[in-house]
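Participant: My questions concern the predicted model and sequence given below.
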Amino acid sequence: MENNLPVNVREYQELAKKALSKMHYDYINGGAEDEHTLRDNIAAYGRILLRPRVLVDVSNIDMSTSLLGYNMPSPIIVAPTGSHKVANPEGEVATAKAAASCNSLMVLSFSSNCRIEEVAASCDAIRFYQLYVFKKRAVSATLVRRAESSGFKAIVLTVDNPMLGRRERDIRNKMVAPDKPNLEGLISLENLDTTDGSQLAKYVRDTMDPSLSWKDVEWLKSITSLPILVKGILTAEDARKAVEAGAAGVIVSNHGGRQLDYAPATISVLEEVVKAVAGAVPVLVDGGIQRGTDVLKALALGARAVMVGRPVMYGLAARGEAGAKHVIEMLNRELELAMTLCGCRSVAEITRDRVQTEGDRMRSLL
Ligand SMILES: Cc1cc2nc3c(=O)[nH]c(=O)nc-3n(C[C@H](O)[C@H](O)[C@H](O)COP(=O)(O)O)c2cc1C
Ligand SMILES: CCCCCCCCCCC(=O)C(=O)O
């Protein structure tokens, strides 16, 4: 195996499928209901073509960028995904080490299987913390305080999860909620029966606050001095509201197709959000990114950075920390090559004219 490493994310996905139980592979890989959005997140990248420029001196490619004042060697960030111990017994500590060894920023999920403090102590890196707002606000406030004192640099507030999307694979598999040591002593995890199928759906229904609204972003601002990025924005209207509410960044995300099925593919609404935000704050995007060319397309359409979820989990499931690291490295190398072949020497040179969208093609016919 070690002599015959996967050469792309899809091969890691196949290895992950072999390595995991059906219940755990389905939890990672699956989406909501018909899984239309899950598929379209990927397919929409296939509908965007590249417009390379040639005879540019591309002997030096600089992929570096910055986010909220932090320098990053590449615009690829590890998205917050829960329950890494379903992929590997080392859990988020392995992922954090993989990200740190690539100097990549990682967003730690509130639903990690490793404690916040354990992840922070495992290696030095810039990390952000992802938060859901619980009915019991004190639980969220405690998690924020622990993230702050563990050196996390920003809060990513996920807002597309007032109820869990209907993930039919999890329902069928009666998905068992993995341990959540961060929540010990904060929230009771008893009575997680599976009469409705997935324990996760019941857990979210019992504990998360569906009344969450824009005023709660103000509440969050009042309890932390960390910058807040709002994750789960899909429209220009909400992007403007996020900026008005004081967000330090907007993340275009449909939760990897796991929440509202038939929500648009994220790459198809990125430009609308970027225009609405008008440079006030950085815009990030996630969902369906599996190739360096996908990253280039997202940057050309205005993203400051991208986040990858499943690909890193597949790497972790297939080969532990080494696999997660290899996935990040592969995506970085693919981006470098895509920039080279498109004639972009820096991320600043990845401009709108490097891509041709379906909309561009339709307009050119008018
Ligand atoms: C297994 C799994 C768990 C996830 N858990 C979280 C989570 O705890 N918090 C969150 O904000 N998003 C979560 N997400 C969504 C990701 O942050 C991200 O939006 C999505 O995975 C991006 O799509 P991709 O997997 O195609 O890269 C999860 C996604 C997956 C696949
Ligand atoms: C025993 C507590 C289990 C808590 C699990 C909550 C699942 C939240 C959903 C994570 C997520 O965003 C996703 O899977 O997607």
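Facilitator: Right, received. Where do you want to start? Numbers count the residues shown, from 1 in each chain. Ligands and ions are numbered 1, 2, ... in the order given.

Participant: At the geometric centre of the chain, which residue do we find?
Facilitator: In the chain, the C-alpha nearest the mean C-alpha coordinate belongs to residue 79, at 2.9 Å (Cα atoms, centre = their mean).

Participant: wait, doesn't it sit right on residue 305?
Facilitator: No - with contacts counted by Cβ atoms under 8 Å, residue 79 stays clear of residue 305, the gap being 10.8 Å. Glycine gets a C-beta too; all of them are placed from N, C-alpha and C.

Participant: can you give me the strands for the stretch 151-300 of the chain?
Facilitator: Here the stretch 151-300 of the chain has its strands, by DSSP state E, counting those that start in this stretch, at 155-158, 228-233, 249-252, 283-286.

Participant: Do the last one and ligand 2 come into contact?
Facilitator: No - with Cβ under 6 Å from any ligand atom as the threshold, strand 283-286 lies outside contact range of ligand 2, at a closest distance of 11.8 Å.

Participant: tell me what that strand is packed against?
Facilitator: Strand 283-286 sits against strand 249-252, helix 266-277, strand 305-308, with contacts defined as 3 or more Cβ pairs under 8 Å, 6 or more residues apart in numbering; DSSP states H and E.

Participant: which other helices and strands contact the first one?
Facilitator: Under the contact definition 3+ Cβ pairs under 8 Å, 6+ apart, strand 249-252 sits against strand 228-233, helix 236-244, helix 266-277, strand 283-286.

Participant: Please repeat the previous calculation with a cut-off of 10 Å.
Facilitator: Under the contact criterion of 3 or more Cβ pairs under 10 Å, 6 or more residues apart in numbering; DSSP states H and E, strand 249-252 touches strand 155-158, strand 228-233, helix 236-244, helix 266-277, strand 283-286, strand 305-308.

Participant: Using JSON lines, lay out those together with mean neighbour count, mean pLDDT and distance to residue 31.
Facilitator: Formatted as JSON lines, these follow (neighbours: other Cβ atoms under 10 Å; pLDDT from 0 to 100; distance: least, Cβ to Cβ, whole Å):
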{"stretch": "strand 155-158", "mean neighbour count": "25", "mean pLDDT": "98", "distance to residue 31": "16"}
{"stretch": "strand 228-233", "mean neighbour count": "26", "mean pLDDT": "98", "distance to residue 31": "15"}
{"stretch": "helix 236-244", "mean neighbour count": "18", "mean pLDDT": "98", "distance to residue 31": "21"}
{"stretch": "helix 266-277", "mean neighbour count": "22", "mean pLDDT": "98", "distance to residue 31": "13"}
{"stretch": "strand 283-286", "mean neighbour count": "27", "mean pLDDT": "99", "distance to residue 31": "14"}
{"stretch": "strand 305-308", "mean neighbour count": "26", "mean pLDDT": "99", "distance to residue 31": "16"}
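
Participant: wait, which of the ones you listed is closest to residue 141?
Facilitator: Closest to residue 141 of the helices and strands packed on strand 249-252, according to Cβ to Cβ: strand 155-158, at 11.3 Å.

Participant: Put the alpha carbons of the closest one into PDB.
Facilitator: Taking C-alpha atoms only, strand 155-158 is exported to PDB below (Å, rounded to 0.1, in the frame of the first residue of the first chain):
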ATOM      1  CA  ILE A 155     -15.100  31.400  15.700                       C
ATOM      2  CA  VAL A 156     -16.800  29.900  12.800                       C
ATOM      3  CA  LEU A 157     -20.600  30.100  13.500                       C
ATOM      4  CA  THR A 158     -22.500  27.500  11.500                       C
END
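
Participant: Tell me which strands it pairs with, and in which orientation.
Facilitator: For strand 155-158, the paired strands and their directions (DSSP bridges) are strand 127-131 (parallel), strand 228-233 (parallel).

Participant: So for the residue in the stretch 201-350 of the chain that ligand 1 sits nearest to, what's the pLDDT?
Facilitator: Using Cβ to the nearest ligand atom, residue 309 is the residue of the stretch 201-350 of the chain that sits closest to ligand 1, at 2.2 Å. As predicted, residue 309 sits at a pLDDT of 99.

Participant: Show me whatever sits in contact with both of residue 79 and residue 305.
Facilitator: The contact sets of residue 79 and residue 305 overlap at 251, 284, 286 (Cβ atoms under 10 Å, 6 or more residues apart in numbering).

Participant: from the residues you listed, which is closest to residue 92?
Facilitator: For the shared contacts of residue 79 and residue 305, the nearest to residue 92 is residue 286 (17.6 Å; Cβ to Cβ).

Participant: Run through the bridge partners of the closest one.
Facilitator: Beta-bridge partners, per DSSP bridges, of residue 286: residue 307.

Participant: quick one: the nearest residue to residue 60 once chain neighbours are set aside from residue 56, how far?
Facilitator: Using Cβ to Cβ, 6 or more residues apart in numbering and skipping the chain neighbours, the partner closest in space to residue 60 is residue 345 (6.6 Å). Going from residue 345 to residue 56 by Cβ to Cβ, to the nearest Å gives 7 Å.

Participant: Could you do residue 102 as well?
Facilitator: From residue 102 to residue 56 the distance is 27 Å (Cβ to Cβ).

Participant: neighbour count winner among the two?
Facilitator: residue 102 (21 against 13; other Cβ atoms under 10 Å).

Participant: who touches that one in this structure?
Facilitator: With Cβ under 10 Å, 6+ apart, residue 102 has these contacts: 73-74, 76, 78, 125, 324-329, 331-332.
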